[in-house]
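> sequence first, then the predicted structure:
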Amino acid sequence: MLQTQRRERDRLLPADRRVRDIARDLYERVAYAPIISPHGHVPAGWLADDVKFQDPSALLVTHDHYVTRLLHSAGVDLAALGLGGHTADPREVWRLFASNWHLFTGTASGYWIHEALTDVLGVDRQLTADTADEVYDHIDALLKTPECRPRALFERFGIEVLATTDDPLDNLDAHARIASSGLHGRVLPTFRPDRYLNPESEGFVDSVSSLLDTTGRAASFSGYLNALRERRQHFIQHGAVSTDHGVEEPFTVDMDEREADLLFQEVLSGTATSEKKRAFLGHMILQMARMSVEDGLVMTLHAGVVRNHHTETFRRFGSDSGHDFPRSTDFVRGLRPLLERYGLERNFHLVLFAVDETVYSRELAPMASFYPSVYVGAPWWFLDAPDAMARFRSAVTESAGFSRGSGFIDDTRAFLSIPARHDTARRTDAGFLARLVAEGRIGITAAENIIDDIVGPQPKRVFKL
Amino acid sequence: MLQTQRRERDRLLPADRRVRDIARDLYERVAYAPIISPHGHVPAGWLADDVKFQDPSALLVTHDHYVTRLLHSAGVDLAALGLGGHTADPREVWRLFASNWHLFTGTASGYWIHEALTDVLGVDRQLTADTADEVYDHIDALLKTPECRPRALFERFGIEVLATTDDPLDNLDAHARIASSGLHGRVLPTFRPDRYLNPESEGFVDSVSSLLDTTGRAASFSGYLNALRERRQHFIQHGAVSTDHGVEEPFTVDMDEREADLLFQEVLSGTATSEKKRAFLGHMILQMARMSVEDGLVMTLHAGVVRNHHTETFRRFGSDSGHDFPRSTDFVRGLRPLLERYGLERNFHLVLFAVDETVYSRELAPMASFYPSVYVGAPWWFLDAPDAMARFRSAVTESAGFSRGSGFIDDTRAFLSIPARHDTARRTDAGFLARLVAEGRIGITAAENIIDDIVGPQPKRVFKL
Amino acid sequence: MLQTQRRERDRLLPADRRVRDIARDLYERVAYAPIISPHGHVPAGWLADDVKFQDPSALLVTHDHYVTRLLHSAGVDLAALGLGGHTADPREVWRLFASNWHLFTGTASGYWIHEALTDVLGVDRQLTADTADEVYDHIDALLKTPECRPRALFERFGIEVLATTDDPLDNLDAHARIASSGLHGRVLPTFRPDRYLNPESEGFVDSVSSLLDTTGRAASFSGYLNALRERRQHFIQHGAVSTDHGVEEPFTVDMDEREADLLFQEVLSGTATSEKKRAFLGHMILQMARMSVEDGLVMTLHAGVVRNHHTETFRRFGSDSGHDFPRSTDFVRGLRPLLERYGLERNFHLVLFAVDETVYSRELAPMASFYPSVYVGAPWWFLDAPDAMARFRSAVTESAGFSRGSGFIDDTRAFLSIPARHDTARRTDAGFLARLVAEGRIGITAAENIIDDIVGPQPKRVFKL
């Protein structure tokens, strides 16, 4: 049976006794505050249909590319984990995972999974090759109980808002069904149009054709823009509050409509150079900002990832198979055209997520502390872990304070890790604030106000919830 | 009446009790040492004429672009703060500031202003919307007393040396008047020729014309160089010890005189391409180094800031209106031509200031620990705050030790913040040194010698004071 | 006489008492574990011939460009230190060093030399201008004793494996003599072919000619490749386990054999452009990976250093005279061609060393936690010091854990500093792990397993020892 275990009291709090005492008090104010998750990748279908989780491996290993990535680095074939359509016995996958579990010591995934095992799944022993089967059976049995279905967990986790990420042509039926289902908490779609905007994405021309067909628009630039507008409205009607954009570079281009129309025809014809394709995407990011100004959807930009680094692995196992790597980025010059136009629009919220942490003190904090539209996204992907979160706060706070951040974003498909991730952010922030208090930099009341704000009111303001 | 309040004893010292005890002892050695401020932006006229500070908002809000920037990000119109020639009731400005004061919690500006309010202005209550008027009246009354005039504060702050930043065509009368006024302490001009060197700066051609006219030089490259030399002499005669250069890139170009002369004609004619303009500025930075070798003025280079990011704001409110942002920089390759020529000159001091903190361990510490001419400038602008200062020391010390730094530079126009800034640097350095002592890395005597040195003798050596 | 002094117990351990207690326990597990040094620059001849160290200055000052660099920055002429073939009285050099010894406070060199003086050489007083002669005489006398010869020290230091760095045409006689000499411990050559691969290196064409002559190969691309293969075999026969490559950029190029052959002829003819030369080197790095796949030699890549920044100093004093500086690097895109081809080869180990520390969290940890071939090299050169090591662990661990690192690499020619360097890494790692334990992130048993592993088994796995 599922145990409700209280979390280890002082997990992740600073070692210094005096700082820890302050941190614990701050943390306890928000330890069980509702979870606001305005950006993530949990499939809406899970919650609409209350789909039973398949097995322990599907739940914790196979679909988490942080996990498969590190196993792969240790010499595990992704096919043996069942990726890329390969068949793999879930129990064998679990044994592979268990016998490599020590590799995750000190990693973000190690933290999340440890928390999921102990706090959510009530596993009370170390995971090793020897205990693999026992733990597997324990979890597998649990997954058959109603308490372990997505909807029960959603409510048990105290999720108030959960955003999914969705294709612009999704009919959003799953969201409609959730909305009318009486679930305690909101599940919102997010408009993610990358493959309709980026001429370098696979099947771009077909994607644009589908978009135009679905909306009955002409194959002109204005038809294309209106098709996108229409689909955004569809998302808004289903509760969406934001759009999301994943780009290798935070690069934007302003141009007039005639020029854009010519470029549109060129990228559709397949004759465009790389430089032209880059310009087209750069212009479409700017157009997305323009539409956000019009319709009020918050715009989030996840920039700086070189995707599918190893082509053969991509061919065998598809995207998200663990070889997306960060590169250095230039938000200041790259976003200038966009911000020249829309940076001061009152209705416009632009949340910038980086994987090149050098931009926190150099670019994002300075920009967010001038432009009312710009918010610094929480540490993301490779930076989504306690030490990186602490470095983030240290890098951002002295320029931008606490008001210009997005609030914590879990950005995950690993459903069971959601509470652990939010808990980690809360503990890390409590530790950071406690140090400022202990060093006589800020008062305890200010620290209390800040931690109360950043777990709820702030992400609600930023994401217009 | 003005209160002399002793600073909070342990502000900014490390939380760990043992480290704090060591840090406190180190700090107390230098807590009240005279302030050496070899680079800053206080107008000389304030001290020459002992100009009364206008009102609390002019003193603490309107002219501080760190402050107006963060207010702007919270949705406050810069016009409502009285920027860009707009009229604003100072009391209303103060109310806006007070009601947003919580946004500054944890920021550098928050620290400086808190210190100015409590230690300099004797404000003994929290600044909020409710207390705004009361605090305003308290400060406003104080500003009418003789104790709150610039010269009284200058002496009360214990300033031994204060450098201003001045236009090359400034007659420096204000400095002459200060020199003969009996003020306790030196006020030195600094030669800042950006607008005469950078073809991209507004009114460049006119500026060069004025320079040539004022000095009666021919419109040739050698005439231009001699005009600059003459103005440097004028500055030296008025006590200047350094020149200052603000550039987007630390980029230098060596070329022969004939080539330089042609380029000079081209940039003056207005036909030069961006690339040519860049080369011209790059060459002039090298020429400034050459003149420093000749006349002994210390050369300081502030590199890496993209200025006036939002053109409309620049048009409405002018420069320094809060949208200057850092970019990544390359000192190693960019300064190579300059250092190939002058890097080993004994008389040459080149102080490098960065806003891209990645260069501290990668570029500046390595260069300064080879070139006798190169000094690592103290953390500047967005990095001028306790955590960033600690990161700076950590990044620089293990390669370059303590002897290759500039000493602390406040670089400010916010006169009231000067003591707080120097105090912060002293406390942060005491904390850093105390950790090294507590970790058994350096002895206490070495730590004492270092902190004694870096608050006075070191900046005096670097700036030839 | 040589004293065996026990190291200061808590040197470099964290100040917090609770963390320090844990750290001390962890450290003591490995404090005297054998030293595995799979990459370094000690000349094999020292150990083959048990060459007496010349004098204190030759031992600790003259040949250490970290030391001469900082002295140079303080105004000491490199000629006065005896560099570049200049004659200098070793006692005078030592006096110069002693009178500047305070400059090294807090630096990596300061730590190593302090340790060498106290723990290895039994110096029991502060080094100053006043004690310079006394200390010199003490060390000089010691250097004449058999206990201070390289082989005695090698065994006293507990070195199990020491790799040297060698020219591909070296006959490796010194290694052969060591191997048959009964020395306790292995001394392995390392294949370092930079000057045969990089068309920009001085004397490249002559180097390639020598290579072809020595091996009797034709002057074709395949002859050249086979010559390199043959020399690698020679190294393998003498115990080599790795090759080493020093490049300014981590840049690789894939091309077919015909294209490579044409390029080879072009770079040999001296007509190749910079771009072509860059491509050739980029391709040869890829070819080295290919050979590593074939013959099993571990490939190490040291990237990101701009060499010989000050040309006049290079002319007077040669390479390694203190003006090599880091630049920013791009491993993700630069190594993609190489990793596309060989990244998943089971037999292939690629160890990446960086001096641009921004790549640790952004590039190296992500890549090493996917590619089974990629290992994150320990902090190197300017980053080889306690604070930088701690930043490294913080940046790498949360993505890649502890299993994807190289283990500590001392990379030094400063023979006496070897124990101090390994000791520093062990203490720093103990401190890092202790913090994770104290913060409730990992268990003490996991921490113990990790520290036991990283000082021995891990570098042995990575370097196939």
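Okay, I see it.

> going forward, measure contacts between C-alpha atoms and count neighbours the same way
OK.

> residues in contact with A:D89?
Contacts for A:D89 (Cα atoms under 8 Å, 6 or more residues apart in numbering or on different chains) come out as A:G82.

> and it, what pLDDT?
Reading off the confidence values, A:D89 has pLDDT 98.

> kindly report the same for the one 3 residues further on.
At A:E92, the model reports a pLDDT of 98.

> need phi/psi at it.
In terms of degrees, to the nearest 10, the main-chain angles of A:E92 are phi -70, psi -40.

> please report how far it lies from A:I139.
15 Å (Cα to Cα, to the nearest Å).

> work out which residue lies at the spatial centre of chain A.
The C-alpha lying nearest the average C-alpha coordinate of chain A belongs to A:D411 (Cα atoms, centre = their mean; 1.8 Å).

> and that one, that one's in a helix?
No. A:D411 is assigned coil when assessed by DSSP: H, G, I helix; E, B strand; the rest coil, not a helix.

> enumerate every residue touching it.
Neighbours of A:D411 in contact, by Cα under 8 Å, 6+ apart: A:S37, A:H39, A:G40, A:H41, A:W380, A:W381.

> coming back round to it: neighbour count for A:E92 and A:I139, which is higher?
Taking neighbours as other Cα atoms under 10 Å in any protein chain shown, A:E92 and A:I139 compare with A:I139 leading, 22 against 15.

> hang on, the earlier thing: just send the contacts of A:D411 back as a markdown table, with pLDDT too.
Shown next, in a markdown table, are the contacts of A:D411 (pLDDT from 0 to 100):
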| residue | pLDDT |
| --- | --- |
| A:S37 | 98 |
| A:H39 | 97 |
| A:G40 | 97 |
| A:H41 | 96 |
| A:W380 | 95 |
| A:W381 | 95 |
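
> straight-line length of stretch A:455-465, end to end?
End-to-end distance of stretch A:455-465 (Cα to Cα): 13 Å.

> who in the stretch 1-150 of chain A is up against chain B?
Within the stretch 1-150 of chain A, the residues that sit near chain B (Cα under 8 Å from any Cα of the partner chain) are A:D16, A:R18, A:V19.

> I'd assumed A:L281 was in contact with A:N198.
Yes. Counting by Cα atoms under 8 Å, A:N198 does reach A:L281; the two are 5.2 Å apart.

> rewinding a little: just the buried ones among the residues of the stretch 1-150 of chain A next to chain B, please.
Those of these that meet the buried threshold are A:D16, A:V19, by 16 or more other Cα atoms under 10 Å in any protein chain shown.

> so which of the residues of the stretch 1-150 of chain A next to chain B is the closest to A:H72?
Comparing the residues of the stretch 1-150 of chain A next to chain B against A:H72 with Cα to Cα places A:D16 closest, at 37.2 Å.

> contacts only, for the residue of the stretch 201-350 of chain A found nearest chain B.
In the stretch 201-350 of chain A, the residue that lies nearest chain B is A:E340 (5.3 Å; Cα to the nearest Cα). Counting by Cα under 8 Å, 6+ apart, A:E340 touches B:H309, B:H310, B:T311, B:E312.

> in which helix or strand does the residue lying closest to A:S207 once chain neighbours are set aside reside?
Nearest non-adjacent residue to A:S207, counting by Cα to Cα, 6 or more residues apart in numbering or on different chains: A:Y196, 5.7 Å away. Using DSSP states H and E, A:Y196 falls within helix A:194-197.

> and what of A:D244?
strand A:242-247.

> give me the mean pLDDT for the next helix or strand after that strand.
Remark: after strand A:242-247, the chain's next helix or strand is helix A:257-269, criterion DSSP H and E. Helix A:257-269 shows a mean pLDDT of 97.

> now the strands for chain A?
Ranges of strands in chain A, per DSSP state E, are A:35-37, A:159-163, A:186-188, A:190-191, A:242-247, A:298-303, A:305-306, A:325-326, A:350-354, A:374-376.

> please indicate which of the contacts of A:E340 has the highest neighbour count?
B:H309 (23 neighbours).

> which residues touch it?
Applying Cα under 8 Å, 6+ apart to B:H309 gives the contacts A:R336, A:E340, B:H323, B:D324, B:F325.

> which of those residues lies closest to chain C?
Comparing those against chain C with Cα to the nearest Cα places B:F325 closest, at 19.7 Å.

> check whether that closest one really touches B:H310, as I assumed.
No. Between B:F325 and B:H310 there is no contact under Cα under 8 Å: 10.4 Å.

> deepest-packed of the strands of chain A, please.
strand A:190-191 (a mean of 28; mean count of other Cα atoms under 10 Å in any protein chain shown).

> tell me how far that strand lies from the chain's centre.
On the basis of Cα atoms, centre = their mean, to the nearest Å, strand A:190-191 sits 12 Å off its chain's mean C-alpha point.

> name the residue of the stretch 101-250 of chain A that lies nearest to chain C.
A:T107 (3.9 Å).

> which residue packs closest to that residue, ignoring adjacent ones?
Spatial nearest neighbour of A:T107, excluding adjacent residues (Cα to Cα, 6+ apart): C:E398 at 3.9 Å.

> wait, the one you found touches A:Y111, no?
No. In this structure, C:E398 is not within contact of A:Y111 by Cα under 8 Å, at 9.4 Å.

> these two: which has the busier surroundings?
Per other Cα under 10 Å, whichever of C:E398 and A:Y111 has more neighbours is C:E398, with 27 against 22.

> list the contacts of that one.
A:G106, A:T107, A:A108, A:F382, A:L383, A:A385, A:D387 are the contacts of C:E398 under Cα under 8 Å, 6+ apart.

> what about the residue lying closest to A:A395 once chain neighbours are set aside, how many residues nearby?
In space, and not counting its chain neighbours, A:A395 is closest to A:S361: 4.8 Å by Cα to Cα, 6+ apart. Neighbour count of A:S361, defined by other Cα under 10 Å: 27.

> A:V93 too?
Residues near A:V93, counting by other Cα under 10 Å: 18.
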